[in-house]
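Trainee: Give me a model of this one.
(chains A and B)
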Amino acid sequence: AQSVTQLGSHVSVSEGALVLLRCNYSSSVPPYLFWYVQYPNQGLQLLLKYTTGATLVKGINGFEAEFKKSETSFHLTKPSAHMSDAAEYFCAVVGNQFYFGTGTSLTVIP
Amino acid sequence: KAGVTQTPRYLIKTRGQQVTLSCSPISGHRSVSWYQQTPGQGLQFLFEYFSETQRNKGNFPGRFSGRQFSNSRSEMNVSTLELGDSALYLCASTFGDVATEAFFGQGTRLTVV
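Mentor: Model prediction:
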């Protein structure tokens, strides 16, 4: 069985500050992990994904995530938050379907 | 290339009615999955179709059904609508194996009154 847990349903950061969104996974097989972003009344847009290979994955809009097997984590980071980063972020693990976390709403304070 | 297209974007239906939602995947993609998104339950998997066959199914009642056509376009039908069916319904397409990147449409916002 596969699942993900996102710690913190709401995160607020100041513009220019580090963004850290936490995701822990559970998987009985080597996981394929994804981060998606959702803007209001929109679908989900892929930020980045980990399948195999390099554990530090770079995505769009300056985001990156590091796969840590020992910690079963796949946290999403961005060095400097921008106002346009305000959105809902979803971590997901894939089996025969996408298993999504409950989402983290990111607020960026000017 | 064109993205995933879902129609309509918004729907208002009355309890007891039925509704059909449409999803056109990216050209060449053969897998279409459907998800229900609500504030309380988050994103929940409904079903996945691949080459006109339902390949996987989530834990939803039989009122929720779907199908896929030979051109990979998919429809989702909900019969005997309930207030709790109000949600954003998202469609995702992948080329083949669901483990590859999924591209999502903008969703259909269904409101049941």
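Trainee: The helix or strand of chain A with the lowest mean pLDDT vs chain B: in contact?
Mentor: When the helices and strands of chain A are scored by mean pLDDT, DSSP states H and E, strand A:98-100 comes last with a mean of 90. Yes. Strand A:98-100 reaches chain B (Cβ under 8 Å from any Cβ of the partner chain) through A:98, A:99, A:100. In this view, the C-beta of every residue, glycine as well, is placed from N, C-alpha and C.
Trainee: On the pLDDT front, check residue A:51 for me.
Mentor: Here the pLDDT value assigned to residue A:51 is 88.
Trainee: What residues are recorded as beta-bridge partners of the nearest residue to it once chain neighbours are set aside?
Mentor: Distances taken as Cβ to Cβ, 6 or more residues apart in numbering or on different chains place residue A:32 nearest to residue A:51, at 5.1 Å, with adjacent residues excluded. Note on residue A:32: beta-bridge partners residue A:94, judged by DSSP bridges.
Trainee: Not counting its own residues, what contacts the host helix or strand of residue B:36?
Mentor: Using DSSP states H and E, the element containing residue B:36 is strand B:31-38. Applying Cβ atoms under 8 Å, 6 or more residues apart in numbering or on different chains, the external contacts of strand B:31-38 come out as A:97-98, A:100, B:23, B:25, B:43-50, B:55-56, B:60, B:66, B:68, B:72-74, B:76, B:86-98, B:102, B:107.
Trainee: Which residue lies nearest the spatial centre of chain B?
Mentor: Nearest to the mean C-alpha position of chain B, counting by Cα atoms, centre = their mean, stands residue B:34 at 3.3 Å.
Trainee: So residue B:83 is in contact with residue B:111, correct?
Mentor: No. Using Cβ atoms under 8 Å, residue B:83 makes no contact with residue B:111, being 9.4 Å away.
Trainee: which one of those two has more residues nearby?
Mentor: Using other Cβ atoms under 10 Å in any protein chain shown, the more surrounded residue of residue B:83 and residue B:111 is residue B:111, with 12 against 9.
Trainee: just the strands in the chain please.
Mentor: No chain in the question, so chain A it is. A:3-7, A:10-14, A:19-26, A:32-38, A:44-50, A:56-58, A:64-68, A:73-78, A:87-94, A:98-100, A:104-109 (DSSP state E).
Trainee: Actually, chain B is the one I wanted.
Mentor: Using DSSP E, strands in chain B cover B:5-7, B:10-13, B:19-24, B:31-38, B:42-50, B:53-57, B:64-68, B:74-78, B:87-94, B:103-104, B:108-112.
Trainee: Identify each buried residue in the second one, please.
Mentor: Going by neighbour count (16 or more other Cβ atoms under 10 Å in any protein chain shown), the buried part of strand B:10-13 is B:11, B:13.
Trainee: Could you do the third one as well?
Mentor: Of the residues in strand B:19-24, those scored as buried under the neighbour-count criterion (16+ other Cβ under 10 Å) are B:19, B:21, B:23, B:24.
Trainee: That strand pairs with which strands, parallel or anti?
Mentor: Strand pairing for strand B:19-24, determined by DSSP bridges: strand B:5-7 (antiparallel), strand B:74-78 (antiparallel).
Trainee: now that strand and strand B:42-50, what's the angle there?
Mentor: Here strand B:19-24 runs at an angle of 70 degrees relative to strand B:42-50 (axes from the mean of the first three to the mean of the last three Cα atoms, to 10 degrees).
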